[in-house]
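Novice: Below is the sequence, then the predicted model.
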There are 2 protein chains.
Amino acid sequence: MILFEDIQRYIDKLNYLSKVEDEEILQHMENYAQKVGFPIVGRSVGRFLYLITKLKNPKLIVEVGSGYGYSAYWFAKALSSGKVVLTDYSQDNLEMAKDFLSGAGLIDKVELRLGNGVEIAKEYKNIDILFFDHEKAKYLDSILILKDNLSSGGLVIADNTLWHGKVLEEDVDKQTRKIKEFNEYMFSSQEFFTTLIPLRDGLLVAIKV
Amino acid sequence: MILFEDIQRYIDKLNYLSKVEDEEILQHMENYAQKVGFPIVGRSVGRFLYLITKLKNPKLIVEVGSGYGYSAYWFAKALSSGKVVLTDYSQDNLEMAKDFLSGAGLIDKVELRLGNGVEIAKEYKNIDILFFDHEKAKYLDSILILKDNLSSGGLVIADNTLWHGKVLEEDVDKQTRKIKEFNEYMFSSQEFFTTLIPLRDGLLVAIKV
């Protein structure tokens, strides 16, 4: 457990006071996640990604692990120019993302790429925001591979870095151990200034120094 | 209660893995807070303010309620140019702030102003970051008075907006009721895009649309 449940509920209630375009599309995406148990980042994190993107004004966002495009919606919605590259192993997910993002009028701001997100990300230089939401055990290897592809002042945003609170335990499974190592690497590194935001399942946000 | 205590401790442990200049000065400020029970924002929020400031690259930050300068340290440290205006009712607090910020080599980036923070803030136009940490019952009135003094795309950051979890209660004291009204106003307003970050006692972060 991370946040007390009532606190999450209070924040959610506030989130829905905010009138946003595409409310219908968002609710469709959120209801689908609930129905099939798909781990989307949810409204609080989505809105936070939107705010960060507005501040950063990036030209290039690359997502490693996009699912059916829920986080990409918030990134793309906040872009003034530039694009979001979505990656996923599942053609079905990417087809759904295409439908959702077309419905929201955002399809011209995205590229949809099928395959290994880290390999695809390697093709891009000067990534302004690199978003991690793929296999948790691979976060550390992925940042070591991709950090030189970030622009100066670029951001790394990684979801699930509190991993349902399992990071607190001593005797942990491989996935949890690798997330802990990733967090420790990011905070210790002189190349990044790192914060961990306890929204939902924990969002690590780091800026390349 | 907001965050589970162990989660806060985990994030704190990570924070201290990060080597920062001025570690001695920061610990001095933090130890003093603990000794006398002064409500500073703490390391997690401080680091978050630093990150947001790096992204925003503001020219003018105005704090309504600065205490002895702990939040101002993080704002000023992140500035490339521009300044932070500190306000407080207490001459003693401002003297301490002056000492701390001089020690960190940041005194040229700050203005120290004694008096009513809202009245002082009214003197400034094009505020890029407006930070609220004054009497909680006054947040709503303060934003109504000051919102036109924000630059377009300017940020409002308000501390204590989860108010030890008291915002969850139905039958509340005046202070809590006013915080709830502030939160609801900020999320409902079409002039702001608002998020609430559950760091420590709750940090509302809103961007002027």
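Specialist: Right, received. Where do you want to start?
Novice: use CA for all of it now, contacts and neighbours both
Specialist: Noted.
Novice: Chain B versus A:Ala206, what's the distance?
Specialist: A:Ala206 sits 8 Å away from chain B, going by Cα to the nearest Cα, to the nearest Å.
Novice: And the residue nearest to A:Gly117 when sequence neighbours are not counted, how close does it get to chain B?
Specialist: Spatial nearest neighbour of A:Gly117, chain neighbours left out: A:Val64 (4.6 Å); criterion: Cα to Cα, 6 or more residues apart in numbering or on different chains. For A:Val64, the distance to chain B equals 22 Å [Cα to the nearest Cα].
Novice: Quick check, A:Val64 in contact with A:Lys136.
Specialist: No - at 11.2 Å, A:Val64 does not count as touching A:Lys136 under the criterion of Cα atoms under 8 Å.
Novice: Give me the more crowded residue out of the two.
Specialist: A:Val64 (26 against 20; other Cα atoms under 10 Å in any protein chain shown).
Novice: For that one, give me its contacts.
Specialist: Under the criterion of Cα atoms under 8 Å, 6 or more residues apart in numbering or on different chains, the neighbours of A:Val64 are A:86-88, A:117-118, A:121, A:130-134.
Novice: give me phi/psi at A:Ile129?
Specialist: When read as degrees, to the nearest 10, the backbone of A:Ile129 gives phi -130, psi 120.
Novice: just A:Leu155 next, same as before
Specialist: A:Leu155 adopts backbone torsions of phi -110, psi 140, taken as degrees, to the nearest 10.
Novice: Assumed A:Tyr50 was part of a helix.
Specialist: Yes - membership of A:Tyr50 in a helix is supported by DSSP: H, G, I helix; E, B strand; the rest coil.
Novice: That one contacts A:Lys77, correct?
Specialist: Yes - counting by Cα under 8 Å, A:Tyr50 touches A:Lys77, with 7.2 Å between them.
Novice: So these two - more neighbours on which side?
Specialist: Higher neighbour count among A:Tyr50 and A:Lys77: A:Tyr50, with 22 against 19, using other Cα under 10 Å.
Novice: In contact with the more buried one, which residues are there?
Specialist: Residues counted as contacts of A:Tyr50 (Cα under 8 Å, 6+ apart) are A:74-75, A:77-78.
Novice: Go ahead and confirm A:Gly69 touches A:Leu86.
Specialist: Yes - A:Gly69 lies in contact with A:Leu86 (Cα under 8 Å); the separation is 7.4 Å.
Novice: surely A:Thr176 meets A:Trp163?
Specialist: Yes - A:Thr176 lies in contact with A:Trp163 (Cα under 8 Å); the separation is 7.1 Å.
Novice: ok, these two, which is more surrounded?
Specialist: A:Thr176 (23 against 20).
Novice: Skipping its backbone neighbours, what lies nearest the more buried one in space?
Specialist: Nearest non-adjacent residue to A:Thr176, counting by Cα to Cα, 6+ apart: A:Val167, 6.1 Å away.
Novice: Secondary structure class of the closest residue in space to A:Asp128 that isn't next to it in sequence, three-state.
Specialist: Nearest residue to A:Asp128 in three dimensions, chain neighbours excluded: A:Gly154, at 4.4 Å (Cα to Cα, 6+ apart). A:Gly154 falls in the strand class when you classify it by three-state DSSP.
Novice: In chain A, where is pLDDT below threshold?
Specialist: Regions of chain A meeting the criterion pLDDT under 70 cover residues A:1.
Novice: Pick out the residue closest to the middle of it.
Specialist: Nearest to the mean C-alpha position of chain A, counting by Cα atoms, centre = their mean, stands A:Phe131 at 4.6 Å.
Novice: who's in contact with whatever helix or strand it lives in?
Specialist: Here A:Phe131 sits within strand A:127-132, counting by DSSP states H and E. When contacts are defined by Cα under 8 Å, 6+ apart, strand A:127-132 is touched by residues A:58-65, A:139, A:149-151, A:153-159.
Novice: Which of these are buried? Put it as a ChimeraX command.
Specialist: Buried subset of these, written as a ChimeraX selection, criterion 16 or more other Cα atoms under 10 Å in any protein chain shown:
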select /A:58,60,61,62,63,64,65,139,149,150,151,153,154,155,156,157,158,159
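Novice: need the contact list for the nearest residue to A:Leu146 once chain neighbours are set aside.
Specialist: Among residues not flanking A:Leu146 along the chain, A:Lys122 sits closest, at 6.4 Å (Cα to Cα, 6+ apart). Listed by Cα under 8 Å, 6+ apart, the contact set of A:Lys122 reads A:145-146, A:149.
Novice: backbone phi and psi for A:Lys122, please?
Specialist: Dihedral angles (degrees, to the nearest 10) for A:Lys122: phi -60, psi -20.
Novice: and if you look at the one 4 residues further on?
Specialist: Here the main-chain torsion angles of A:Asn126 (degrees, to the nearest 10) amount to phi 50, psi 50.
Novice: Show me which residues of chain A sit near chain B.
Specialist: Remark: the part of chain A in contact with chain B comprises A:1-4, A:6-7, A:10-11, A:14-15, A:17-19, A:44, A:47-48, A:51, A:55-56, A:165, A:168, A:183-184, A:187-190, A:193-199, A:207, using Cα under 8 Å from any Cα of the partner chain.
Novice: now the helices for chain A?
Specialist: For chain A, helices defined by DSSP state H occupy the ranges A:5-15, A:23-36, A:42-56, A:70-78, A:91-103, A:117-121, A:139-146, A:174-188.
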